[in-house]
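> Fold the following for me, if possible:
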Amino acid sequence: KARGVGNMGIEGLRRELSKNQIRKGHISELAGKTVAVDTSAWLYRGAFSCALPLALGENPSGYVHYCMHLAKMLVYHKVTPILVFDGAPL
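Sure, this is the predicted structure:
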């Protein structure tokens, strides 16, 4: 079901994700599976590596490299990532 203009996210997604679908473990346990990743959260976390240049209005790429590193780690462990972008523009 689509949401109105200005709203973000997938309505009801959080409700559908049970505790059984979000769990801790080694990434290799997911080999051969496909996972959806909150890429906006990865970008946000990666921004800490280049916070000062970002604050100064420079164009650092550290946060992109951080995301690429995590995506490559998934692929290395034979996990297929689906990168989901949700949230305000960066």
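> any idea how far the most far-flung residue of the chain relative to its centre is from residue 43?
The outermost residue of the chain relative to its centre, with distances by CA atoms, centre = their mean, is residue 56 at 24.8 Å. Relative to residue 43, residue 56 is positioned 18 Å away (CB to CB, to the nearest Å). The way it works is simple: take the backbone N, C-alpha and C, and place the C-beta from them, glycine included.
> Confirm that residue 81 sits in a strand.
Yes. According to DSSP: H, G, I helix; E, B strand; the rest coil, residue 81 belongs to a strand.
> sec struct for the closest residue to it other than its chain neighbours, please.
Counting by CB to CB, 6 or more residues apart in numbering, residue 74 is the residue found nearest to residue 81 once chain neighbours are left out, at 4.6 Å. Three-state assignment for residue 74 (three-state DSSP): helix.
> hang on, residue 74 packs against residue 35?
Yes. At 7.0 Å, residue 74 counts as touching residue 35 under the criterion of CB atoms under 8 Å.
> okay, those two: which has more neighbours?
For residue 74 versus residue 35, the count of surrounding residues by other CB atoms under 10 Å is larger for residue 74: 19 against 11.
> buried stuff in stretch 47-57?
Across stretch 47-57, burial judged by 16 or more other CB atoms under 10 Å covers 47, 50, 54.
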